[in-house]
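**Student:** generate a structure from the sequence data that follows.
(2 chains)
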There are 2 protein chains.
Amino acid sequence: MNELRGACIIGQSGGPTSVINASAYGVIDTALKSGVITQVLGAENGIKGVLNDRLFDMGLEDPEELALMKYTPSSALGSCRYKIADPDVDDTDYKRILEVFKKHNVRYFFYNGGNDSMDTCNKISKYMQRVGYDCRVIGVPKTIDNDLWGTDHCPGFASAAKYISTSCMEVYHDARVYDTGMICIIEIMGRHAGWLTAASALATEYGAGPDLIYMPETDFDMDQFIADVKRVYEEKGNCMVAVSEGIHYADGSFVSEAKTSATDGFGHAQLGGLEVMLQEIVKDRIPGVKVRGIELSLLQRCAAHLASETDIEESYMAGKAAVENAIAGISDRMVGFERGIVDGKYACKTKLIPLTEVANVEKKIPREWINEAGNGVTHELIDYALPLIQGEPELPKVDSLPRFCKLKKILAK
Amino acid sequence: MNELRGACIIGQSGGPTSVINASAYGVIDTALKSGVITQVLGAENGIKGVLNDRLFDMGLEDPEELALMKYTPSSALGSCRYKIADPDVDDTDYKRILEVFKKHNVRYFFYNGGNDSMDTCNKISKYMQRVGYDCRVIGVPKTIDNDLWGTDHCPGFASAAKYISTSCMEVYHDARVYDTGMICIIEIMGRHAGWLTAASALATEYGAGPDLIYMPETDFDMDQFIADVKRVYEEKGNCMVAVSEGIHYADGSFVSEAKTSATDGFGHAQLGGLEVMLQEIVKDRIPGVKVRGIELSLLQRCAAHLASETDIEESYMAGKAAVENAIAGISDRMVGFERGIVDGKYACKTKLIPLTEVANVEKKIPREWINEAGNGVTHELIDYALPLIQGEPELPKVDSLPRFCKLKKILAK
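**Tutor:** As a prediction, the model looks like this:
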């Protein structure tokens, strides 16, 4: 085995999740105990922390506080949405990263994020190879969107799915409490992939969920939508609808588009407010009916209080596997999950996927898991998602409120 | 003791809560075991179920399903927003109610609701007295708004408060994950009383909550609001704000007013969309800053998964006390709570308040529990709310999703 001694950096990037810190803790905990990694550095706000040489010495943290990362939502080290340049066009950032790596003798780089972050991770990996700097680079997946290529599922998806399905079950009961009916429209995150919106079908499977589910994998048709809603409302006296923020017309334009202007750092349109728009259209097209739109907003990605224990443990496992594989000589890969059956039960093990294959590719719901009408899912989707949301973690609490980790964040000398 | 044998009716009215069914179960369970109450009837959609003679025979339900009512949000019997007439103006409804009461030999009437429901309950009580029909009428309180007069607190408030404070703690972490700051505005329910919005201060007390809190107990000033937000944002680089849906200007008009048109059955303006409005104003007045509004919407009143065990047990106790007192000869009262200290710990016992005193009176936050600037609360509010949210119930689940009660709802012959 090619033993490489040196420091490691762990950075977090992109939108946070309920369990991204469980992965980061998997990296930190394993690295601190490795005996090979000489210093564990946490980058402040992802790659920006590397560029600015803002690196926390994680070995100086209280181990008990670090362990609370498993149950703390959001990115404990801070995140960023920073689009790194193509090194052939502008290698300024890469030279600076190399400089900081050399300064701290960084030989391991772990980057914890989604599609865009894996692109950053891939570019850095390839640059280090090209300049001949010996540094093992491993991507640690996270995304509630569940859209990373090459892995059965992504850390963070299941906890958001559990929050969404549980909340849908609760709202389902609330939204039909009166003798007068109601149309309730729930807007769920997911720009190009509908995994999270589809997860609302778990609520329906357990007797209290959306009647109609619209995902970005199929084209949206407003007339058909109104006809669907009207039909269900007339049949049942109530109608619950789940829509993905990313639903779009056949020409590719987002339904929400007319209402958006700003863009995020990666050039994506900043979505939101779709449920308000649909609410108004439904009110207008189905007169006299009570309509309520609910946007799950940030709540769905930070609801650590409803995290899946399976998700937490797998997220930790992904971080741990990243460090173990890197120490064993692996580089230029992302950790992924492979689903199996052990003793008749769901089981999950890690695998490795070349970063080049992962970067910027989005995994969508297979078309055959969506019903023909494009307004619901098949049982394959339920069978896929259900094992992932299992298990209730023992959440650390003080006075019945969450006890999240508090890091000292001491800059490395 | 004046033993009165006969049937009882339990009805639920107004907006539901996470624990209103715990109170209804307290009534049903106690009545079924009483030996005095001959039949327990659940009114479909509150008083409307009485008027329509749609009464479920609760004795025909499976006891195990009934017991799940303690953990099932929303009104299991169905609710209504029906404004009953003044009997001096129009006694049609009252004559019909008397007719239905006589038909089923109803001698006990329990009405589970908030301010408006206590008004209905009071009017029915007084009518039955006037016509000399022997029927004991007891109000069982519920309201997330916590604004019923004469009781230390209301069943339903604490669970909503726990959801709000927990969610604020989670969003607080999520909303400051990037190196660029954000102003986050959270809209919370509460038309005239700010208890729920104030409860977000529990999150701040535990290190991760709103910087600014605006409640309807003080007049709102848009310029002062913008100045407050700007100051906090400049100081901290981030700003989290909690606003009550019912904030209003000095002339009494709701801040959200321009955006509303519909009214509910009681003539209240239908609020909502305030956070969208404030978000736009903040963006306009503090240019270049990222702003996100989040409306907790129905989620906050049906989040049984975050219910307070204290709230569940007290809600059950309120229903139980209603039946026990009625059997003992009491009528024309609402059950309320009295707070005490037993062995140095928070304790709660029931008391009785004349319905006339309760009907249509709203209990607001004492002005001295709100800071002088009107943008936060004092420690009295924390000391008041904290004991109420304590305790984690053992939630019935199947496959990690809630297992809510399923009633057969068999109409009484």
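**Student:** per-residue confidence for residue A:102?
**Tutor:** pLDDT recorded at residue A:102 is 98.
**Student:** for chain B, give me its nearest residue in the stretch 1-150 of chain A.
**Tutor:** Chain B sits closest to residue A:74 of the stretch 1-150 of chain A, with a gap of 3.6 Å, by C-beta to the nearest C-beta. Placement of C-beta: from N, CA and C, glycine included.
**Student:** now do the contacts for that residue.
**Tutor:** Applying C-beta atoms under 8 Å, 6 or more residues apart in numbering or on different chains, one finds that residue A:74 lies in contact with A:16, A:20-21, A:302, B:170, B:173-174, B:176-177.
**Student:** ditto for residue A:383
**Tutor:** Per C-beta under 8 Å, 6+ apart, neighbours of residue A:383: none.
**Student:** specify the local secondary structure of it.
**Tutor:** Classification of residue A:383 by DSSP: H, G, I helix; E, B strand; the rest coil places it in helix.
**Student:** any idea how far residue A:402 is from residue A:301?
**Tutor:** According to C-beta to C-beta, to the nearest Å, residue A:402 stands 15 Å off from residue A:301.
**Student:** ok, these two, which is more surrounded?
**Tutor:** residue A:301 (27 against 22; other C-beta atoms under 10 Å in any protein chain shown).
**Student:** can you say which helix or strand has that one in it?
**Tutor:** helix A:299-302 (DSSP states H and E).
**Student:** what is that helix packed up against?
**Tutor:** Packing partners of helix A:299-302 (3 or more C-beta pairs under 8 Å, 6 or more residues apart in numbering or on different chains; DSSP states H and E): helix A:157-174, helix B:157-174.
**Student:** what residue is smack in the middle of chain A?
**Tutor:** Centroid-nearest residue in chain A, with C-alpha atoms, centre = their mean: residue A:143, separated by 1.6 Å.
**Student:** show me what contacts that one?
**Tutor:** By C-beta under 8 Å, 6+ apart, the contact set of residue A:143 is A:14-15, A:17, A:113-115, A:154-157.
**Student:** distance between the helix or strand bottoming out on mean pLDDT in chain A and the chain's centre?
**Tutor:** Lowest by mean pLDDT, DSSP states H and E among the helices and strands of chain A is helix A:274-285, with a mean of 92. Distance of helix A:274-285 from its chain centroid, counting by C-alpha atoms, centre = their mean, to the nearest Å, is 28 Å.
**Student:** what do you get for stretch A:296-309?
**Tutor:** Centroid separation for stretch A:296-309 versus its chain: 11 Å, with C-alpha atoms, centre = their mean.
**Student:** cool, stretch A:341-357 as well?
**Tutor:** So, by C-alpha atoms, centre = their mean, the centroid of stretch A:341-357 is 18 Å from its chain's centroid.
**Student:** which parts of it are buried?
**Tutor:** The neighbour-count check on stretch A:341-357 (16 or more other C-beta atoms under 10 Å in any protein chain shown) flags A:348, A:350, A:352-353, A:355-356 as buried.
**Student:** span of that stretch from start to end?
**Tutor:** Stretch A:341-357 has an end-to-end distance of 26 Å (C-alpha to C-alpha, to the nearest Å).
**Student:** quick one: contacts of it?
**Tutor:** A:118, A:121-122, A:125-126, A:137, A:139, A:149-152, A:310, A:314, A:317-318, A:321, A:325, A:330, A:332-340, A:387, A:390.
**Student:** can you name the residues that contact residue A:194?
**Tutor:** Residue A:194 makes contact with A:214-217, A:244, A:246, A:364-365, A:370 under the criterion C-beta under 8 Å, 6+ apart.
**Student:** where along the stretch 301-413 of chain A do the strands fall?
**Tutor:** Along the stretch 301-413 of chain A, counting by DSSP state E, counting those that start in this stretch, strands occupy A:333-342, A:345-354, A:397-398, A:401-402.
**Student:** so where's chain A shaky on pLDDT?
**Tutor:** Residues of chain A that meet the criterion pLDDT under 70 lie in A:1-2, A:258-272.
**Student:** roughly how far does residue A:170 sit from residue A:46?
**Tutor:** Residue A:170 is 35 Å from residue A:46, where distance means C-beta to C-beta.
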